[in-house]
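> Give me the fold of what follows.
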Amino acid sequence: MDEKKISKEKIDNFFREYKEKTPIILMIYMIFSLSLYLLIWIFLTNKELEKIIEEDAPNSKRATIILFILPISLAIIIHFLNIFFITEISKKLIYSFSILAWSFVIFLSLQYIYMIFVILLELSLKVQVLLGIYFYTLDILVLS
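As a prediction, this is how the structure comes out:
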């Protein structure tokens, strides 16, 4: 038998170079990748809805502003406020402002996601009704 043997030196080198990852870092990676996936899914769903129903579809530019530009600009503003205002009272005001601003961003995001799900639900119900009518007429034609 021609088996490859791994030497003890290679195994020791592997474990010497191996960096153990903490569960917290892995959770941060998971949250980041899922949120990025959600943003892309919402944007692409908006584009498809704009093609299907022009009058009731949410604007994809609005989704970009609410879900991407607004949180990034808010994070930058809060960061610079923390750098330039170093007194204790201003830190408390910045902390209160950041809680209020982030809750507003989260509210807008959830409202927008809810609106998309309602539109998708209405579309799926319309498709189900149309399919039901189609199969009902098909049954009548076959039975007669």
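> Kindly provide the distance from R62 to S7.
From R62 over to S7 the distance is 60 Å, taken as C-beta to C-beta, to the nearest Å. (C-beta placed from N, C-alpha, C; glycine too.)
> Give me the more crowded residue out of the two.
R62 (13 against 8; other C-beta atoms under 10 Å).
> backbone phi and psi for the residue lying closest to that one once chain neighbours are set aside, please?
Leaving aside its chain neighbours, R62 sits nearest to Y112 (7.4 Å; criterion: C-beta to C-beta, 6 or more residues apart in numbering). Phi and psi for Y112, reported as degrees, to the nearest 10, are phi -70, psi -40.
> Contacts only, for Y112.
By C-beta atoms under 8 Å, 6 or more residues apart in numbering, the residues touching Y112 are 42, 58, 62-63, 66-67.
> Which one among the residues you listed sits at the bottom for pLDDT?
In terms of pLDDT, P58 ranks lowest among these, with 65.
> Now the element after the helix or strand bottoming out on mean pLDDT in the chain, going C-ward?
Least confident element among the helices and strands of the chain, by mean pLDDT, DSSP states H and E: helix 60-64 (a mean of 70). Moving toward the C-terminus from helix 60-64, the next helix or strand (DSSP states H and E) is helix 70-84.
> what comes into contact with that following helix?
With C-beta under 8 Å, 6+ apart, helix 70-84 has contacts from 90-91, 94, 97-98, 101-102, 105, 108.
> mind listing which of the residues you listed are in helices?
Those of the contacts of helix 70-84 mapping onto helices are 90-91, 94, 97-98, 101-102, 105, 108, per DSSP state H.
> Quick check on these: which are buried?
Listed as buried from the ones in helices among the contacts of helix 70-84 are 94, 98, 101, 105, 108; burial here means 16 or more other C-beta atoms under 10 Å.
> And those residues, which is closest to F85?
Closest to F85 out of these is I94 (6.3 Å), distances taken as C-beta to C-beta.
> Next, the contact list for the closest one, please.
Counting by C-beta under 8 Å, 6+ apart, I94 has contacts 78, 81-82, 85.
> From L70, how far out is it?
Counting by C-beta to C-beta, the gap from I94 to L70 is 18 Å.
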